[in-house]
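[1] Need coordinates for the following:
(one chain, ligands or ions: 2)
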Amino acid sequence: MTTLAITGGQVLLPDISVTRADVLIDQDSGKILEIGDNLAGDADETIDATGSFVTPGFVNGHSHVAMTLLRGYADDKPLDAWLQEDIWPTEAELTPEDVHIGAKLGLLEMIKSGTTAFADMYFMVPQIADAVEEAGLRARLGHGIVTVASDEEEARADAQEGLEVAEALDGRADGRISTAFMPHSLTTVGSEYLEEFVPKARDLGVPIHFHGNETTNEVTPIVEERGVRPMAYAAERGMLEEGDFLAHGVHLDESEIGLLAEAGTSVIHCPASNMKLASGIAPVQRMLDAGVTVGIGTDGAASNNDLSMLDETRDAAMIGKLKDGDASAVDAESAVHMMTQGSADAIGLESGRLEEGAPADLAVIDLEQPHLTPHHDLVSHLAYATAAADVRHTICDGQVLMRDRDVLTLEEESVRTAAGEAAMALVDRAAN
Ligand SMILES: N[C@@H](CCSC[C@H]1O[C@@H](n2cnc3c(=O)[nH]cnc32)[C@H](O)[C@@H]1O)C(=O)O
Ligand SMILES: [Zn+2]
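    Ligands and ions are numbered 1, 2, ... in the order given. Model (predicted):
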């Protein structure tokens with residue numbers, strides 16, 4: 001057994017309390033062996049976390065990681081126009097190499113901001129899986145299915161690819177990769193395809209993930225054409241079951257929140273994307289009160305425009321208060337719970353908590369910074385004051401991915417250069 005001890009830090013426990021403790025990790029199994037005092041003695045390697053806050057690695061519950069290539073390319077538009085005029089035409093020019101380098105850039109940013117696990121919907125998913133394998137993170141990946149602009153043959157092939165990806169990639173990277181079946185949304189995938197393919201995904205035993213009720217344009221047509229709210233429509237198609245998770249959930253009424261709570265279907269809140277595309281504000285406190293599992297996600301870098309879960313969590317806490325006109329809504333403790341266990345539970349991973357037997361996925365945050373002084377309440381600091389650059393070390397599955405801000409699994413400079421070049425070539429192709 002090879003062991004790593006993280007010593008001398010303040011540790012965030014699963015009940016969102018903070019204690020001074022060492023963390024001992026078994027690097028072979030990738031699990032936490034013990035949290036307690038004086039654990040450095042027998043460890044093969046030690047990371048000194050004095051003056052630091054040891055937290056679970058953050059879990060990004062919804063992303064399109066390769067979209068880093070389109071960061072800052074098309075801003076200041078609402079969802080439909082943004083997707084149809086700018087994003088989809090440019091994505092049509094993406095090559096597998098682009099997706100691979102775009103994903104590596106996104107993973108680099110995740111590691112540098114303390115994220116150790118994420119759920120991702122995109123295409124050319126094998127290229128994303130390769131990047132995840134190299135970078136050392138944990139992920140639930142799926143192929144995003146869109147049938148609206150396709151003929152029947154293309155639509156069925158796309159849905160089939162969604163199944164094949166879910167089957168082929170599950171368990172890759174020593175089990176760090178799992179999968180889901182991912183229809184893009186209830187309005188971009190035809191109901192006949194949902195009816196045919198969702199049961200096939202159930203046979204594979206993978207969860208369903210989709211964009212749900214992100215804008216009113218995803219609600220009104222379903223209500224008008226079918227006479228039911230979108231979540232009832234999804235439930236009728238078998239898409240709201242325990243372990244399933246949807247992104248956004250901005251425009252949910254009480255009946256839909258009740259359906260989600262009853263079904264055990266989780267919601268990934270993406271506050272920055274919802275603000276930037278002016279989609280609306282999700283009823284997060286209401287969902288939490290109703291017993292819905294809520295996680296936090298960044299969505300893609302083109303609608304955010306960064307992948308930091310620290311920024312996202314602060315946004316979630318802030319906008320939650322504004323939504324309810326209540327400063328006690330989405331308090332620091334709830335926000336920190338969502339960015340760790342909430343997201344992990346939503347996407348079906350055991351990460352997001354530091355306890356014996358849990359996956360050794362951690363972030364170590366440098367507290368010796370002017371903006372993190374004094375130390376009245378470290379949970380408050382995590383929700384409201386910590387920045388990505390404060391993360392000093394990132395560990396996933398017991399392996400050190402970043403030490404003293406130096407990413408060990410990816411070559412930062414060459415990834416940045418190659419991704420920058422690929423992005424420029426991509427938009428040139430799209431313009432011609
Ligand atoms: N098979 C589809 C790809 C779907 S992947 C998931 C898609 O979601 C898009 N996307 C990114 N952010 C959002 C969002 O906030 N709402 C809806 N779609 C988004 C993203 O650009 C990507 O095209 C195709 O070939 O076009
Ligand atoms: Zn999205």
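[2] near ligand 1, which residues of the stretch 101-250 of the chain show up?
    Contacts of the stretch 101-250 of the chain with ligand 1, taken as C-beta under 6 Å from any ligand atom, map to 121-123, 144-146, 158, 184, 211, 214. (Glycine included, C-beta is placed from N, CA and C.)
[3] Surely residue 392 touches residue 406?
    No. At 10.0 Å, residue 392 does not count as touching residue 406 under the criterion of C-beta atoms under 8 Å.
[4] out of those two, which sits in the busier spot?
    In this comparison of residue 392 against residue 406, neighbours counted by other C-beta atoms under 10 Å, the higher total goes to residue 392 at 21 against 11.
[5] pLDDT for the residues of the stretch 101-250 of the chain next to ligand 1 - can I get that in TSV?
    As requested, those are arranged in TSV below (pLDDT from 0 to 100):
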residue	pLDDT
121	98
122	98
123	97
144	98
145	98
146	97
158	98
184	98
211	98
214	98
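[6] Looking at the residues you listed, which are in helices?
    Helix and strand membership here follows DSSP state H; of these, those in helices are residue 158.
[7] Just put the residues of the stretch 101-250 of the chain next to ligand 1 in TSV and tack on neighbour count.
    As requested, these are arranged in TSV below (neighbours: other C-beta atoms under 10 Å):
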residue	neighbour count
121	26
122	23
123	21
144	23
145	28
146	18
158	21
184	20
211	25
214	27
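[8] Nearest to residue 419 among the residues of the stretch 101-250 of the chain next to ligand 1?
    Nearest to residue 419, judged by C-beta to C-beta, of those is residue 122 at 15.2 Å.
[9] Name all residues that make contact with that closest one.
    64-67, 99, 128, 141, 143-144 (C-beta atoms under 8 Å, 6 or more residues apart in numbering).
[10] same question, residue 11
    When the contact criterion is C-beta under 8 Å, 6+ apart, the partners of residue 11 are 18-21, 23, 35, 54-55, 354.
[11] biggest helix in the chain, by residue count?
    Of all the segments of type helix in the chain, defined by DSSP H, the longest one is helix 412-431.
[12] Now that helix: average pLDDT?
    In this model, helix 412-431 has a mean pLDDT of 97.
[13] Stretch 342-361 too?
    Average pLDDT, stretch 342-361: 98.
[14] excluding its backbone neighbours, what's nearest the closest residue to ligand 1 within the chain?
    Nearest residue of the chain to ligand 1 (C-beta to the nearest ligand atom) works out as residue 144 at 2.5 Å. Setting aside the residues directly before and after it, residue 144 is nearest to residue 121 in space (C-beta to C-beta, 6 or more residues apart in numbering), at 4.3 Å.
[15] Check residue 21 too.
    The spatially closest residue to residue 21, leaving aside those adjacent along the chain, is residue 11, at 4.6 Å (C-beta to C-beta, 6+ apart).
[16] quick one, what contacts residue 45?
    2-5.
[17] For stretch 323-340, give me every contacting residue.
    In contact with stretch 323-340 (C-beta under 8 Å, 6+ apart) are residues 12, 16, 55-56, 58-59, 269, 281-285, 288, 294-296, 309, 312-314, 316-317, 319-321, 352-353, 377, 379-380, 382-384.
[18] 7 Å instead?
    Here stretch 323-340 makes contact (C-beta atoms under 7 Å, 6 or more residues apart in numbering) with 16, 56, 58-59, 281, 283-285, 288, 294-296, 309, 313, 316-317, 320-321, 352-353, 379-380, 382-384.
[19] before we move on, the earlier item: what comes into contact with the longest helix of the chain?
    In contact with helix 412-431 (C-beta under 7 Å, 6+ apart) are residues 68-69, 73, 89-90, 93-94, 98, 101-102, 104-105, 108.
[20] out of these, what pair is the most spread apart?
    89 and 108 (26.6 Å).
[21] Look at these two and report which has more neighbours.
    When neighbours are counted by other C-beta under 10 Å, residue 89 and residue 108 differ, and residue 108 comes out ahead with 24 against 12.
[22] Is that one in contact with residue 409, as I believe?
    No. Using C-beta atoms under 7 Å, residue 108 and residue 409 do not qualify as a contacting pair, with a distance of 9.1 Å.
[23] who does the helix or strand harbouring residue 225 touch, helix- and strand-wise?
    Following DSSP states H and E, one finds residue 225 within helix 220-226. Packed against helix 220-226 by the contact rule (3 or more C-beta pairs under 7 Å, 6 or more residues apart in numbering; DSSP states H and E) you find helix 230-236.
[24] Flag every buried residue along the helix it packs on.
    Within helix 230-236, the residues scored as buried using 16 or more other C-beta atoms under 10 Å are 230-235.
[25] go on, stretch 170-181?
    Going by neighbour count (16+ other C-beta under 10 Å), the buried part of stretch 170-181 is 170, 172-173, 176-181.
[26] go on, stretch 83-90?
    Judged by neighbour count using 16+ other C-beta under 10 Å, the buried positions of stretch 83-90 are 83, 86-87, 90.
[27] CA-only coordinates of stretch 247-256 in PDB, if you can.
    Once non-C-alpha atoms are left out, stretch 247-256 reads as follows in PDB (Å, rounded to 0.1, in the frame of the first residue of the first chain):
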ATOM      1  CA  ALA A 247     -29.600  20.700 -15.900                       C
ATOM      2  CA  HIS A 248     -31.100  24.100 -15.100                       C
ATOM      3  CA  GLY A 249     -34.600  23.600 -13.800                       C
ATOM      4  CA  VAL A 250     -35.200  27.400 -14.000                       C
ATOM      5  CA  HIS A 251     -38.900  27.400 -14.900                       C
ATOM      6  CA  LEU A 252     -40.300  24.700 -12.600                       C
ATOM      7  CA  ASP A 253     -43.700  25.100 -11.000                       C
ATOM      8  CA  GLU A 254     -44.700  23.500  -7.600                       C
ATOM      9  CA  SER A 255     -46.200  20.400  -9.300                       C
ATOM     10  CA  GLU A 256     -42.900  19.800 -11.100                       C
END
